[in-house]
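Student: Structure of the sequence below:
(chains A, B and C)
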Amino acid sequence: MTTSATTQDSDNTKSPLILVDGSSYLFRAYHVPYLQALSTADGQPTGAITGVLNMLRSLKKDYPTGNIIAIFDAKGKTFRNDMYPEYKANRPPMPDDLRSQIAPLHEIITAMGLPLIVTPGVEADDVIGTLAKQADELGIETVISTGDKDMAQLVTEHVRLINTMTDVEMDVAGVSEKFGVRPDQIIDYLALMGDKVDNIPGVVKCGPKTAVKWLTEHGTLDQVIANADKVKGKIGENLRDALEQLPLSYRLATIKCDVELEQSAAELGPKAPDIPALTELYQKFELKRLLADLTNGGNEISSTNSKTSASGNSENEQAAVIAAVDVEKSQYDIILDKSLFEQWLKKLQESEVFAFDTETTSVDYMKAELVGLSFAIELGKAAYVPLTHDYEDAPEQLDKDWVLAQLKPLLESTKIKKIGQNLKYDTNVLSQYDIALQGIEFDTMIESYCYNSVATRHNMDALALKYLDYKTVHFEDIAGKGAKQLTFNQIDIEKAGHYAAEDADITLRLHQAIFPALAQSSTQLSVFNDIEMPLLPVLARMEQTGVLIDSDILADQSLSIGQRLAELEIEAHNLAGKSFNLSSPKQLQQILFEELKIPVIKKTPKGAPSTAEEVLQELALDYPLPKIILENRGLSKLKSTYTDKLPLMVSDKTNRLHTSYHQAVTATGRLSSTDPNLQNIPIRSEQGRKIRQAFIAPKDHKIVAIDYSQIELRIMAHLSNDKGLVTAFSEGKDIHRATAAEIFAVELDDVTTDQRRSAKAINFGLIYGMSAFGLAKQLHIGRQQAQEYQDKYFQRYPGVLTYMEDTRQQASEQGFVETLFGRRLYLPDINAKNGMRKKAAERAAINAPMQGTAADIIKKAMLAVDQWLLEQNDDRIKMTMQVHDELIFEIHQDIVEESTQKLVTLMNNAVELSVPLIAEAGSGDNWDEAH
DNA sequence: TCACAATCATA
DNA sequence: GTATGATTGTGAC
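Tutor: From the prediction side, this is the model:
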């Protein structure tokens, strides 16, 4: 260590040195789907250029005082080829459409005034290494911007890495955390593993795990070599076989830090940008965004961009460049006369695909009334047909019925494809006007969701900002907000027309920006085409069908709960010695922990003493008040959320309850349900089940509920292909009992209730990416014992352990995990420096493939069921609800048995797994009985 | 009026 | 330990 007072001081006084690994970013940007689509009008590709420039821009923003130097590989062979002729021999030649972007990029960077280094005979890594070493010796804070893990060997007290595409920073501790070895061991580590891509030989079968193990044990490669004869097994032989060429691998993996450079880092400073040259280059390569920045004041980030940049999401930046919306050039028609309408109608009829949007009076599809429709066929040209604007002095509009009659064949055509944003809503609204929307091909909300379920919310304003870098007119901008918000029919036609036409226009643009990116991955595209888009009309039908509830049952229950609550409140106030609000956690804390001096067991994340259920449950053993609170909480929740509210939400039109299923909300692929949420209707408590009794079947009908048994564990068995688990399911065993028998080493029949309960907790924990700590808490056992259970589990089901390790690794390397059908879940925190966030992301990585595959499966089952129902064309069967692993139907009593059987079969065969998929059915007069 | 934290309902 | 949504109280706007 060379720490001294002087070097410490210089850290703070000098601006940081930013070394940019231009070549590594060039390659990576070249492979980013969004960027691949970019080119100039005459076909010169510009995606990689754009990617690198965006990255530089983001670096400039993050390090405003930084001294940025860009380093690129030179053409031709390097000294490593002399050392080892096969070095990088496996690399395919550089694609032409990448090569053609290098020279322009160099020109632009130079014009920007940034130092650019291209040194023949060595790689960019070596130049970076040399500059970093020089800076390190001077104690200058240095940041290497790269996506290449080999650079970790350069990290020191003053030198750290940043991956500007993922925003992950790595210092000395970060390297140790990520790789499991110190920066000074990285070369040894790389040498042991070898590198397929660069064709560097290593020890056969030695991956990161083994390399870390050996280096932890022996410290250095030399010591590993010296102790090679002690390593047992096949891997020991492999190591001994590799002994001779390990020194070569070591030399190849070593970044050269003494390259002779013309100028030292200290001498290389930024120059003033050559604005005329930059302008010309940006124009030549049609880099509109950058050009706009330039005209808005040099290289500063313009005000319109600061919004998007603030998120710090580099993907955001890249995507944004694609299709800058030039609204000034847009032409929006407001159609008030027949002839213009007929012109548009003709164009629409002749089109293959168009974007459209409905404007209504309410976001609630059951209450919404149509106010107008907008259409867009080509970018920048859109039209709005107002129908029922009825404010004072509103101009005369075309007759609604006439317009809809004209549009009906168009909207119902399966040949003419439609693009929309959240088309399920439009489907529901139009169906109120007897129009059955068809040809629903592209929903931009779902495109965005399938492309990246976690990157943004998928509403149009967010998508436009992210993918088009365009701030749309918000509904609130034209309608106001709060209690005084206008409904669409009250809005001035000029304003409304612009807003509505823009919606259609933006939808079209979004589709053009997102769909090609989505289509880059065939599996993601298939999730979109084969699952999500076909599901959309199915969900629309379920929503419109609704469910029947008996409001009287709920009203009675509200009454009796209310009485009990009043009693509890009096008791609680007596015990506390004063009156307080039982449902205020804050007041409760005060009473419990300060006035009654009850010990604090747990704190909330913010540090206040927790009054959560588990805490109160424990306290209830010793004190009377917590018990009262618990009962009060449980009951008031039921009353306020369910028994009071559900009857209020019944539709006047249908006398049924209509939820909204959201298809683009959850990260994992599940649906969610709101207004009301029908996916969290109580079942566990006695009181709660009474609420399910209010979900009834119509006269002469039964409720049939069919749920998948242990679907996530079955998926785990399938994905991990663990022999024990697969066998247990194939033999139809009670899985928790079987697990208990394995862990506690007893016969299946001798498993006690307690053992089965423990095994069940372990199985659940598994799905949630459990830790021994969490398991201990769940089972109220010691941490040690929980660890023993877990070890025993993995010993008995080794395939599961391997699968989990593989999943974690895959997540960390790729940044995402996938379901069985290729639905992708990105995990931005998977390589986070913050240990808690990283751990949380790892658990999500374990859980997502199982939860997500289960979601895929039930969605496929719903498609199969819906298909069958359409074929039957029998209104005595209706699919009414989906609750993650359960489908609920209303079936006429005459055909309950046969159709239930058919439905079970359809669900069982929704997909083929290596273990049986089992759906179990129940029926009754209400949802409770059907379970 | 709104956003947030705490709590609790489900799979 | 995973994934959601609704309600309530609370404090800032």
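Student: Following the chain onward from the longest helix seen in chain A, which element is next?
Tutor: Within chain A, and with DSSP state H defining each element, the longest helix by residue count is helix A:835-872. Next helix or strand after helix A:835-872 toward the C-terminus (DSSP states H and E): strand A:877-882.
Student: looking at chain A, which helix or strand does the model trust least?
Tutor: One helix or strand of chain A scores below all others by mean pLDDT, DSSP states H and E: helix A:303-310, with a mean of 31.
Student: hmm, back to that, with DNA strand C in mind, check whether the longest helix of chain A reaches it.
Tutor: Yes - where contact is defined by C-beta under 7 Å from any atom of the strand, part of helix A:835-872 touches DNA strand C, namely A:840, A:843-844, A:847-848, A:851. Quick note: C-beta positions are derived from backbone N, CA and C, even for glycine.
Student: ChimeraX command to pick out the buried ones of these?
Tutor: The buried residues among these can be selected in ChimeraX (16 or more other C-beta atoms under 10 Å) with this line:
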select /A:840,844,847,848,851
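Student: out of the residues of helix A:835-872 next to DNA strand C, who's nearest A:Ile235?
Tutor: Using C-beta to C-beta, A:Arg843 is the member of the residues of helix A:835-872 next to DNA strand C that sits closest to A:Ile235, with 30.4 Å.
Student: Check the contact between that closest one and A:Gly769; I expect there is one.
Tutor: Yes - between A:Arg843 and A:Gly769 there is a contact under C-beta atoms under 8 Å: 3.2 Å.
Student: Please identify which helix or strand holds the residue of the stretch 301-450 of chain A found nearest DNA strand C.
Tutor: Nearest residue of the stretch 301-450 of chain A to DNA strand C, counting by C-beta to the nearest atom of the strand: A:Tyr449, 11.1 Å away. Using DSSP H and E, A:Tyr449 falls within helix A:444-451.
Student: Could you list every helix and strand that that helix packs against?
Tutor: helix A:460-468, helix A:493-518, helix A:522-526 (3 or more C-beta pairs under 8 Å, 6 or more residues apart in numbering; DSSP states H and E).
Student: How about the secondary structure of A:Tyr365?
Tutor: Following DSSP: H, G, I helix; E, B strand; the rest coil, we place A:Tyr365 in the coil state.
Student: For it, the count of nearby residues, please.
Tutor: Per other C-beta atoms under 10 Å, the neighbour tally for A:Tyr365 reads 21.
Student: Excluding chain neighbours, what is closest to it?
Tutor: A:Asn428 (3.8 Å; C-beta to C-beta, 6 or more residues apart in numbering).
Student: Over to the one you found: give its phi and psi.
Tutor: Backbone torsions of A:Asn428, given as degrees, to the nearest 10, read phi -60, psi -40.
Student: so it sits right up against A:Arg541, yeah?
Tutor: No - assessed by C-beta under 8 Å, A:Asn428 is found out of contact with A:Arg541, at 9.4 Å.
Student: For those two, indicate the residue with more neighbours.
Tutor: A:Asn428 (22 against 18).
Student: Need the per-residue pLDDT for the more buried one.
Tutor: With respect to pLDDT, A:Asn428 scores 97.
Student: need the contact list for it.
Tutor: A:Asn428 is in contact with A:365-366, A:368, A:540, A:543-544, counting by C-beta atoms under 8 Å, 6 or more residues apart in numbering.
Student: For A:Met533, I want the exact helix or strand it lies within.
Tutor: In this structure, A:Met533 sits in helix A:533-545 according to DSSP H and E.
Student: Please find the angle between the direction vectors of that helix and helix A:835-872.
Tutor: 70 degrees (axes from the mean of the first three to the mean of the last three C-alpha atoms, to 10 degrees).
Student: Near DNA strand B, which residues of chain A are found?
Tutor: A:481-483, A:585, A:604-606, A:608, A:610-613, A:616, A:630, A:633-634, A:637-638, A:641, A:679-685, A:688, A:883-886.
Student: Just the buried ones among these, please.
Tutor: By 16+ other C-beta under 10 Å, those give A:585, A:610-611, A:616, A:630, A:633-634, A:638, A:641, A:679, A:681-682, A:688, A:883-886 as buried.
Student: mind listing which of those residues are in helices?
Tutor: Per DSSP H, helices hold the following members of those: A:585, A:616, A:630, A:633-634, A:688.
Student: quick one, helices of the stretch 1-150 of chain A?
Tutor: For the stretch 1-150 of chain A, the helices defined by DSSP state H, counting those that start in this stretch cover A:5-13, A:22-30, A:33-36, A:47-62, A:79-83, A:96-111, A:124-138.
Student: With the stretch 351-500 of chain A instead?
Tutor: Counting by DSSP H, counting those that start in this stretch, the helices of the stretch 351-500 of chain A are A:400-412, A:423-431, A:444-451, A:460-468, A:475-479, A:493-518.
Student: wait, which of the ones you listed is closest to A:Ser560?
Tutor: Between these, helix A:423-431 lies closest to A:Ser560; by C-beta to C-beta that is 36.4 Å.
Student: the inter-axis angle of the longest helix of chain A versus strand A:877-882?
Tutor: Using the same axes, to 10 degrees: helix A:835-872 against strand A:877-882 is 170 degrees.
Student: tell me which element the closest residue to A:Ile162 other than its chain neighbours falls in.
Tutor: Excluding the flanking residues, the one nearest A:Ile162 by C-beta to C-beta, 6+ apart is A:Glu169, at 4.8 Å. Element membership for A:Glu169 (DSSP H and E) is strand A:168-170.
Student: Can you get me the centre-to-centre distance for that strand and its chain?
Tutor: 21 Å (C-alpha atoms, centre = their mean, to the nearest Å).
Student: residues in contact with the helix or strand just after it?
Tutor: Next along the chain after strand A:168-170, taking DSSP H and E as the criterion, comes helix A:172-179. Outside helix A:172-179, the residues within contact range by C-beta under 8 Å, 6+ apart are A:149, A:152, A:155-157, A:160-161, A:170, A:181-183, A:186, A:189, A:208, A:212, A:831, A:833, A:835.
Student: And for stretch A:506-521?
Tutor: Against stretch A:506-521 from outside (C-beta under 8 Å, 6+ apart): A:33-34, A:36-37, A:319, A:322-323, A:325, A:354-357, A:376-379, A:382, A:419-421, A:442, A:444, A:447-448, A:450-451, A:460, A:463-464, A:467-468, A:470, A:472, A:524-525, A:528, A:822, A:824.
Student: Okay then, goodbye and thanks.
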